[in-house]
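Need a 3D model of the following:
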Amino acid sequence: MDLKSNHAAPVLTDPAPIHKSRLGIHSSLFPYPSPGAVFSSGLYLTIPRKKSIPGKLDDVRAGGWLDAMLSSSPPRKKTKELNFEVASDDADVAFGSWMLKYPSALSSFEEIMNHAKGKTIALFLDYDGTLSPIVVDPDRAFMSNNMRSAVRNVAKHLPTAIISGRSRDKVFEFVGLTELYYAGSHGMDIMGPVRNSESVGDHPNCIRSTDKQGKVVNLFQPASEFLPMIDEVFRSLVENTKEIEGSKVESNKFCVSVHYRNVDEKSWTMIAQRVHDILKDYPRLRLTHGRKVLEVRPVINWDKGKAVEFLLESLGLSNSNDVVPIYVGDDRTDEDAFKVLREGNRGYGILVSSVPKESNAFYSLRDPSEVMEFLESLVKWKRSDEVECKKEE
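From the prediction side, this is the model:
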């Protein structure tokens, strides 16, 4: 089947909200109709089609790409120069007001744990900006040894998974822990637990496999048919952006990231146009925006929120009122997970941010150092809870 078409503009934003569903409804993973059907206008935000003229920058301006790039990449606060002291004070006041809506998960720790008392906490963590700092070179986004120790300790006490936009193999390379589960490509590549009562055949695109330690796991890849297309787009993006100084194209297996963190802002329009010129021929791919990164993903109803639901079900924790899922993340893509927890009133989303931003999270943490403190607090609480349970026995 020819996966390309020159009759539709690329998808510019996330698709419409998905209907809540359980696993095993593989037909609803795809928000586009079957071949020959009429496309629903509600699922796509398109831009008017024009003849593709390389460098015709009106395309990305009209489609709102530049506005999205700017809004997802706020400038850093400048506090050293005297001229910026007042602005910094104003920012501090704004941040204080914002925290009234999204209070610190550290200062609210007792409140969270009171709700979780006697229940199972399932912990989900983003990687970049959450467990590691945001760095200039994405290949050097290493977590500290102290953070690795904190993650290892919490995973010994609580079911824990990392859900990242990176490829699953890359995240495992960074983290290097076998005590937890990994989901890469925004949840499109999940290695999760196998339950004895589970029939793998009930889950489309799910196969039984073994991890690097020989442990039997479920490997779930709902976008596997997109692999040839993603690889083709990756190679095209590498070729077409190589002359833009500072740009970097990263393959995350089921998605492609175009980093512009090190690109001069004057060239953002150029890099956006190059991505647009390629994606216009791939209507089954969509573009989303992260922190100074353009991400190309398959158009399927699958995201980090769906990944949380899948892992909860794999862990046998999806239909219990005695489970409190906690998701910690810093990026726009984490909002899908925050939304799942908020709408189901099932647990807590914790946004990692040092600047005010709207979110579906309940609480906030400023940076990875506070995330580590939160993880350490979870371990202490869990150990104390286990001692109390033994006393009661």
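
Tell me which residues of the helix ranked longest in the chain come out buried.
Criterion DSSP state H: the longest helix present in the chain is helix 368-392. Neighbour-count burial for helix 368-392, counted by 16 or more other Cβ atoms under 10 Å, picks out Pro368, Glu370, Val371, Met372, Phe374, Leu375, Ser377, Leu378, Val379, Trp381, Lys382, Asp385. Heads up, the C-betas are built off the backbone N, CA and C, glycines and all.

Report the lowest-confidence entry in the residues you listed.
Of all those, Asp385 carries the smallest pLDDT score, 76.

wait, it sits on Thr120?
No. In terms of Cβ atoms under 8 Å, Asp385 does not count as a neighbour of Thr120; the distance is 11.0 Å.

In which helix or strand does Lys339 reside?
Per DSSP states H and E, Lys339 falls inside helix 335-343.

which residues are contacting that helix?
14, 20, 124, 163, 303-309, 325, 327, 329, 346-349, 351, 359-362 (Cβ atoms under 8 Å, 6 or more residues apart in numbering).

Could you rerun that using 6 Å?
With contacts defined as Cβ atoms under 6 Å, 6 or more residues apart in numbering, helix 335-343 is touched by Asp303, Lys304, Gly305, Val308, Pro325, Tyr327, Gly347, Gly349, Asn360, Ala361.

Could I get those residues in TSV, plus columns for secondary structure?
Below are the contacts of helix 335-343 laid out as TSV (DSSP: H, G, I helix; E, B strand; the rest coil):
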residue	secondary structure
Asp303	coil
Lys304	helix
Gly305	helix
Val308	helix
Pro325	strand
Tyr327	strand
Gly347	coil
Gly349	strand
Asn360	coil
Ala361	coil
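
one step back: any chance of a markdown table for the buried residues of helix 368-392, columns distance to Arg148?
As requested, the buried residues of helix 368-392 are exported to a markdown table (distance: Cβ to Cβ, whole Å):
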| residue | distance to Arg148 |
| --- | --- |
| Pro368 | 12 |
| Glu370 | 17 |
| Val371 | 13 |
| Met372 | 10 |
| Phe374 | 15 |
| Leu375 | 11 |
| Ser377 | 17 |
| Leu378 | 15 |
| Val379 | 14 |
| Trp381 | 20 |
| Lys382 | 18 |
| Asp385 | 24 |
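
Next, give me the two most distant ones among those residues.
Maximum pairwise distance among those (Cβ to Cβ): 25.4 Å, between Pro368 and Asp385.

my read: Lys253 touches Arg168, true?
No. Here Lys253 does not reach Arg168: they are 7.1 Å apart, not a contact under Cβ atoms under 6 Å.

So which of these two has more stuff around it?
Shown here are Lys253 and Arg168; by other Cβ atoms under 10 Å, Arg168 has more neighbours (24 against 21).

Not counting its neighbours along the chain, what's nearest the more buried one?
Closest residue in space to Arg168, ignoring its immediate chain neighbours: Gly184 at 3.1 Å, by Cβ to Cβ, 6 or more residues apart in numbering.

for the stretch 251-393 of the chain, what are the low-confidence residue spans?
387-393 (pLDDT under 70).
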